[in-house]
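need coordinates for the following:
(one chain, ligands or ions: 1)
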Amino acid sequence: MEHALQVEILKELMGQLDAGKNIDAGVQYRMPTTSYICPEIAAKERESFFRNHPQLIGLSGDLPKPGSYLTMNDFGIPILATRDKSGEFHAFLNACRHRSVQVASESRGQKSVFMCPFHSWSYANTGDLINIPDEDHFGAIDKSCHGLIELPAVERDGLLWVHPSVDGKLDVDELLGEELAAEFASYDITRHQFVGEKTIEMELNWKFANDTFGETYHFGKLHKDTLGRLYYGNNLHLKEFGRHHRFVTANRGIDALRNMPEEEWNISQGTFVLYHLFPNVQFLVDKNTATLIRIYPDAENPGRSVTRISFYYTPEVIAAVEAEQSAGGKVEDVYDYEGRQGVIGGIEASMEVFYSTVEREDYLMGEMQQRAAQTGMLKEILFGRNEPALHHFHQNYREALGQPALQPVEPA
Ligand SMILES: [Fe+2]
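Model prediction:
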């Protein structure tokens, strides 16, 4: 992110903190709870946003070298993603051309040849069918026409994109827009290495999960003993990029910047920067670290979802964390803000802190919201003037699904 923009955002947040005023959209909305419980809406979402929509499946660091692969089954079709020996990224339907069994079953690893467990047909990581056992018994087929089914796949500025349909349109420039694409390019995300992942499967609609990342109003309340010790809450800089947005909020490190010359200000010392990529991705990123949060609906039940959280650090940060840990850093230190929150105490410990806050605090709220919505008695919930990222997401969502826009609440 350009330095002038970092300064502008930091000043805006300092101003909000000084004035004791959160961001103000000037409008409130009522949101129908049917959106979180209705099976017909859920089926439409899966079709529009998951089965037929470009998917960000990970970062370049998830496929760190030639022969790396990933599998997933989160958005309706089984995917095998690979990096071939020339370094090129591919995505395939994870299904053998003989009798359609998955050719890779581990979630990630190193492998250049994938052998189907059923009859041992083998495929290269370019998708080429390379061996059919007992071929003389099976009978001749043209191997060149029976490679793995390849899907549109693009690796751009450290992000791995896939379209789950063979003839799906995957235009990353159009999807992100020039401004957001340039901002992502500025983070050098190709340098971020995968260090671990956590999965949360809970009884809440995927949008309730998504919504917990959409305001800072709750930081000092729900998270008062955890994240609230690091972040002020009740302050937000929001920038929309089409259906996506950037969400920046101050941590307590912002105070140290006030005594420093502006040329030395660094946004990641005083805030966290989170991008919402429509519809289901939350992406926290700076030049040193990244956390990718992908939220998926359950295929059967609108009241369930799966959240995959992947963590990445640059090699320099990994080395620094390991040195810190061998010097005796503890998990408790994660909350002693020194401009390095989230990594002190070791990689495992900092992943645990992040994941457990989401699971035990935010998503616990989401499960209660879900239960109340499912009674059918609570027809609507409210989004306040201080929750504009939620307005943005839900208005986009409704437009994309062909639903009428939310109407502003009449001022009291
Ligand atoms: Fe939260």
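
can you pull out the low-pLDDT segments for the stretch 251-400 of the chain?
Applying pLDDT under 70 to the stretch 251-400 of the chain flags residues 329-345.

tell me the strands in it, going along the chain?
Assigned by DSSP state E, counting those that start in this stretch, the stretch 251-400 of the chain shows strands spanning 271-277, 281-285, 289-297, 305-313, 380-383.

mind listing what's buried along stretch 19-39?
Asn22, Ile23, Ala25, Gln28, Tyr29, Met31, Pro32, Thr33, Ser35, Tyr36, Ile37, Cys38 (16 or more other Cβ atoms under 10 Å). (Glycine included, C-beta is placed from N, CA and C.)

so how far is it off the chain centroid?
Remark: stretch 19-39 is offset 21 Å from the chain centroid, using Cα atoms, centre = their mean, to the nearest Å.

same question, stretch 32-51
Here the centre of stretch 32-51 is set off from its chain's centre by 19 Å, with Cα atoms, centre = their mean.

for it, measure first residue to last.
25 Å (Cα to Cα, to the nearest Å).

how about the contacts made by Thr212?
Counting by Cβ atoms under 8 Å, 6 or more residues apart in numbering, Thr212 touches His218, Val358, Asp362, Tyr363, Met365, Gly366.

apply 10 Å and report the result again.
204, 218, 222, 282, 295, 307, 358, 361-366, 369 (Cβ atoms under 10 Å, 6 or more residues apart in numbering).

what's the closest non-adjacent residue to the residue nearest to the spatial centre of the chain?
Nearest to the geometric centre of the chain sits Ile293, at 2.9 Å (Cα atoms, centre = their mean). Here the nearest residue to Ile293 in space, its sequence neighbours aside, is Gln282; by Cβ to Cβ, 6 or more residues apart in numbering that works out to 4.1 Å.

run a quick neighbour tally on the one you found.
Look at Gln282: counted by other Cβ atoms under 10 Å, it has 22 neighbours.

that one pairs with what?
His276, Ile293 (DSSP bridges).

relative to Asp18, how far out is it?
The spacing between Gln282 and Asp18, counted by Cβ to Cβ, to the nearest Å, is 28 Å.

and His90, by the same measure?
52 Å.

neighbour count for the two, which is higher?
His90 (20 against 9).

give me the nearest residue to that one, chain neighbours excluded.
Nearest non-adjacent residue to His90 (Cβ to Cβ, 6+ apart): Thr82, at 5.0 Å.

check contacts around the one you found.
Contacts of Thr82 by Cβ under 10 Å, 6+ apart are 63, 66-71, 88-92, 104, 111-112, 114, 123-127, 148, 153.

what's the local residue count around Ala349?
With neighbours defined by other Cβ under 10 Å, the count for Ala349 comes to 20.

equivalent analysis for Ile132, please.
Counted by other Cβ under 10 Å, the residues lying close to Ile132 total 20.

do the same with Phe311
Look at Phe311: counted by other Cβ under 10 Å, it has 24 neighbours.

how about the contacts made by it?
Taking Cβ under 10 Å, 6+ apart as the criterion, Phe311 is in contact with 192-198, 284, 289-292, 342-343, 347-348, 350-351, 354-355.

ok, now with 8 Å
By Cβ under 8 Å, 6+ apart, the contact list for Phe311 reads Phe194, Val195, Gly196, Glu197, Thr289, Ala290, Thr291, Ile347, Ser350, Met351, Phe354.

which of these has the most neighbours?
In terms of neighbours by other Cβ under 10 Å, the contacts of Phe311 top out with Ser350 at 25 neighbours.

got a quick PyMOL command for the buried subset of the contacts of Thr82?
Restricted to buried positions by 16+ other Cβ under 10 Å, the PyMOL selection for those reads:
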select buried, resi 63+67+68+69+70+71+89+90+91+92+104+112+114+123+124+125+126+127+148+153
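
which element follows the strand or helix carrying Leu56 toward the C-terminus?
For Leu56, the host element (DSSP states H and E) is strand 55-59. For strand 55-59, the following helix or strand on the C-terminal side (DSSP H and E) is strand 68-72.

run the angle between that next one and strand 289-297 for me.
For strand 68-72 against strand 289-297, the angle by axes from the mean of the first three to the mean of the last three Cα atoms, to 10 degrees is 30 degrees.

who touches strand 68-72?
Contacting residues not belonging to strand 68-72 are listed as 57-58, 62-63, 78-83, 94, 102, 104-111, 114, 125 [Cβ under 8 Å, 6+ apart].

what's the pLDDT at Asp225?
On pLDDT, Asp225 comes in at 89.

ok but it is inside a helix, no?
No: counting by DSSP: H, G, I helix; E, B strand; the rest coil, one finds Asp225 to be coil, located in no helix.

neighbours around it, how many?
By the criterion of other Cβ under 10 Å, Asp225 has 9 neighbours.

how about Tyr187?
By other Cβ under 10 Å, the residues close to Tyr187 number 18.
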